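Enquirer: Below is the sequence, then the predicted model.
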Amino acid sequence: MNFRLVLFPFSVLYALITEVRNYLYDKGVLKQYEFDVPVISVGNLNVGGSGKTPQIEYLIRLLQDDYKVVVISRGYKRLTKGFVEADNNVTPAEIGDEPYQIYRKFKDVIVAVGEDRVTAVQKVLEKHHPDVILLDDAFQHRRIKPGFQILLTSFKQPFYKDLLLPAGNLRELPKNAKRADVIVVTKSPENLESEVEKNIRQKIKKYSGNAVFFSRISYENHVTNGKKMLLISSLHEYEILLVTGIANPLPLFGFLSEKNIKFVNLEFGDHHRFSLADIQQIKTKFDRLKSSKKLILTTEKDFVRLSSLLSGEDLYYLPIQTQMVDSEMFNKKILEYVRSKK
């Protein structure tokens with residue numbers, strides 16, 4: 001028996017609180033803010049890694065050539081408070097891992113964080129006059145009423161199979177998926193069987209009649225540290241220490257195993273703040289690898305924290321992107337919304 005089921009009575013209480021809150025927003029008792037520029041929200045119902053950052057990056061790549069894009073995030077687990085805009089002096093600790101990763105990769109995109117996202121939007125509108133605002137992890141942030149909502153749910157843990165916190169991982173009841181304009185089933189397998197896809201669509205349609213898309217993780221054919229690249233096909237020649245601090249490293253494990261890449265794993269919790277003791281543990285484990293050809297491999301999100309703590313020569317990350325299965329139709333929906341607001 002899952003010990004978390006013992007907590008089910010607390011989930012009932014949590015459901016009552018979240019549903020009262022949603023009702024007050026739906027009826028206009030609690031104020032929602034709308035803005036004249038296109039605002040696209042990316043979020044989920046489940047706690048944990050459903051691929052929000054790769055999805056935000058997908059939208060940036062789609063929009064950045066034609067529009068001035070701003071990304072606004074809460075800045076999960078950052079060590080600062082209030083509104084912070086990313087600049088050349090900012091650190092991951094000040095704005096959070098994912099916002100820092102986005103800022104580092106997309107130099108023409110404005111990235112800002114703030115617990116009060118209404119204030120954050122107002123500040124960037126006044127200062128930068130963007131064409132599009134992307135809200136990261138904002139499905140439950142009801143104070144802002146986005147023009148377009150993207151709800152993510154992972155293939156392995158779809159929201160309709162989950163329970164509400166604390167017995168499960170849902171932030172609110174599955175019926176609230178109806179607020180989404182599109183639902184994206186993330187981390188789908190490469191060869192998704194049509195019957196499986198049909199079954200998932202049917203189950204999601206019970207909660208939301210809007211469009212359902214599928215996406216998968218697309219791994220690059222190389223690892224890099226910003227200065228040097230190594231082809232994935234060459235990694236079987238190396239002894240590898242894999243260091244992860246993400247919610248679900250299993251897809252990464254599977255990818256490396258499929259490529260016949262052997263590794264020793266050192267796993268930390270999601271958004272782990274690496275201590276000096278952790279760094280020493282990583283160094284000790286790495287030193288124990290006997291091969292003359294060895295490296296430390298991590299995720300891009302972890303790299304932004306580890307790169308200042310470990311030798312840049314030994315540390316690499318594996319870049320990933322979201323790949324939409326029906327990208328043409330998905331892109332069309334996004335672009336039609338953005339153009340309709342101009």
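Expert: Received it, and whenever you're ready, just let me know what you need. Numbers count the residues shown, from 1 in each chain.
Enquirer: can you give me the helices for the protein?
Expert: Assigned by DSSP state H, the helices in the chain fall at 8-26, 52-63, 92-95, 97-105, 117-128, 194-205, 250-258, 276-287, 300-306, 327-340.
Enquirer: low pLDDT regions in the protein?
Expert: Applying pLDDT under 70 to the chain picks out residues 1-3.
Enquirer: how does it divide up, domain by domain?
Expert: 3-67+131-218+323-340, 222-318 (automatic domain parsing).
Enquirer: What separation do you get for residue 226 and residue 274?
Expert: To residue 274, residue 226 is 19 Å away according to Cβ to Cβ, to the nearest Å. To be clear about C-beta, it is placed using only N, CA and C from the backbone, and glycine gets the same treatment.
Enquirer: Comparing those two, which shows the higher neighbour count?
Expert: residue 274 (18 against 12; other Cβ atoms under 10 Å).
Enquirer: ok, that one touching residue 244?
Expert: No. Between residue 274 and residue 244 there is no contact under Cβ atoms under 8 Å: 11.7 Å.
Enquirer: Find the residues that touch each one of the two.
Expert: Shared contacts of residue 274 and residue 244, defined by Cβ atoms under 8 Å, 6 or more residues apart in numbering, comprise residue 268.
Enquirer: wait, what's in contact with the residue nearest in space to the middle of the chain?
Expert: Central residue of the chain (Cα atoms, centre = their mean): residue 52, 2.5 Å from the mean position. Residues near residue 52 by Cβ under 8 Å, 6+ apart: 42, 43, 44, 98, 136, 137, 152.
Enquirer: For the nearest residue to the fifth one once chain neighbours are set aside, give the beta-bridge partners.
Expert: This means residue 136. Nearest non-adjacent residue to residue 136, counting by Cβ to Cβ, 6 or more residues apart in numbering: residue 73, 4.0 Å away. Beta bridges link residue 73 to residue 113, judged by DSSP bridges.
Enquirer: Return the distance of residue 73 relative to residue 129.
Expert: 20 Å.
Enquirer: neighbour count winner among the two?
Expert: Neighbours were tallied for residue 73 and for residue 129 using other Cβ under 10 Å; the higher tally belongs to residue 73 (26 against 10).
Enquirer: What separation do you get for that one and residue 116?
Expert: Distance from residue 73 to residue 116, by Cβ to Cβ: 12 Å.
Enquirer: for the protein, longest strand please?
Expert: strand 211-219 (DSSP state E).
Enquirer: what residues does it touch?
Expert: 51, 54-55, 155, 181-190, 192, 197, 200-201, 204-205, 232, 251, 255, 318-326, 329-330, 333.
Enquirer: Pull out the buried positions in it.
Expert: 212, 213, 214, 215, 216, 217, 219 (16 or more other Cβ atoms under 10 Å).
Enquirer: Confirm for me that the residue nearest to residue 136 is in contact with residue 137.
Expert: Yes. Contact criterion Cβ under 8 Å: residue 73 and residue 137 qualify, at 6.6 Å.
Enquirer: List the neighbours of stretch 198-206 that are in contact with it.
Expert: Against stretch 198-206 from outside (Cβ under 8 Å, 6+ apart): 153, 155, 158, 160, 177, 183, 185, 212.
Enquirer: next one: it to chain centre, how far?
Expert: Counting by Cα atoms, centre = their mean, to the nearest Å, stretch 198-206 is centred 23 Å from the centre of its parent chain.
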